[in-house]
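Chemist: A structural model of the following input is requested.
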Amino acid sequence: MVYSRVLEAIHSLSESELQLINSAVIARIKSIRSAEADRKRFLFAAGDRVTWTGRKGTFTGIIERVKQKKALVKVGVSTWDVPISMLEAAI
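Modeler: Here you go, the predicted structure:
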């Protein structure tokens, strides 16, 4: 189904149908993010220099520890718990 047709169809759905669609969309987003974290978890290791953009801006730091879904990243004197899917290798 084309994106514009989906948006048009939403207007005719009931609240319960919209909730079902919302649950399916959230499940799909979680699946995509989990797969991305799985892929990146094997790309990064402690000591790697990484960058990410969050609510407070763009940061660059050094990975201290890679966990299942997140990494502990040292930025200055602070340590951030960053989702692996948000990390990119810094140049």
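
Chemist: make it CA atoms for all contacts and neighbour counts henceforth
Modeler: OK.

Chemist: for stretch 65-82, how far is the first residue from the last?
Modeler: Criterion Cα to Cα, to the nearest Å; first-to-last residue distance in stretch 65-82 is 11 Å.

Chemist: list the buried residues of that stretch.
Modeler: Buried residues in stretch 65-82, counting neighbours by 16 or more other Cα atoms under 10 Å, are found at 65, 66, 69, 70, 71, 72, 73, 74, 82.

Chemist: which ones are touching residue 46?
Modeler: Under the criterion of Cα atoms under 8 Å, 6 or more residues apart in numbering, the contact list for residue 46 reads 62, 63, 64, 65, 66.

Chemist: counting residues, which strand of this protein comes out longest?
Modeler: strand 57-66 (DSSP state E).

Chemist: any idea which helix or strand comes after that one?
Modeler: Elements were assigned by DSSP states H and E; along the chain past strand 57-66, the next helix or strand is strand 70-75.

Chemist: could you point out which element follows that following strand?
Modeler: Using DSSP H and E, the first helix or strand after strand 70-75 is strand 78-83.

Chemist: sheet partners, orientation included, of the following helix or strand past that following strand?
Modeler: Under the assignment DSSP H and E, the closest C-terminal helix or strand after strand 78-83 is strand 88-89. Using DSSP bridges, the neighbouring strands of strand 88-89 in the sheet come out as strand 49-54 (antiparallel).

Chemist: between the strand it pairs with and strand 78-83, how big is the angle?
Modeler: Strand 49-54 and strand 78-83 are oriented at 70 degrees to each other (axes from the mean of the first three to the mean of the last three Cα atoms, to 10 degrees).

Chemist: can you tell me the element the residue sitting furthest away from the middle of the chain falls in?
Modeler: Distance from the C-alpha centroid of the chain, by Cα atoms, centre = their mean, peaks at residue 12 (31.1 Å). Residue 12 belongs to no helix or strand when assigned by DSSP H and E.

Chemist: related to what we said a few turns ago, just send the buried residues of stretch 65-82 back as TSV, with pLDDT too.
Modeler: Converted to TSV, the buried residues of stretch 65-82 look like this (pLDDT from 0 to 100):
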residue	pLDDT
65	95
66	93
69	85
70	92
71	95
72	97
73	97
74	97
82	95
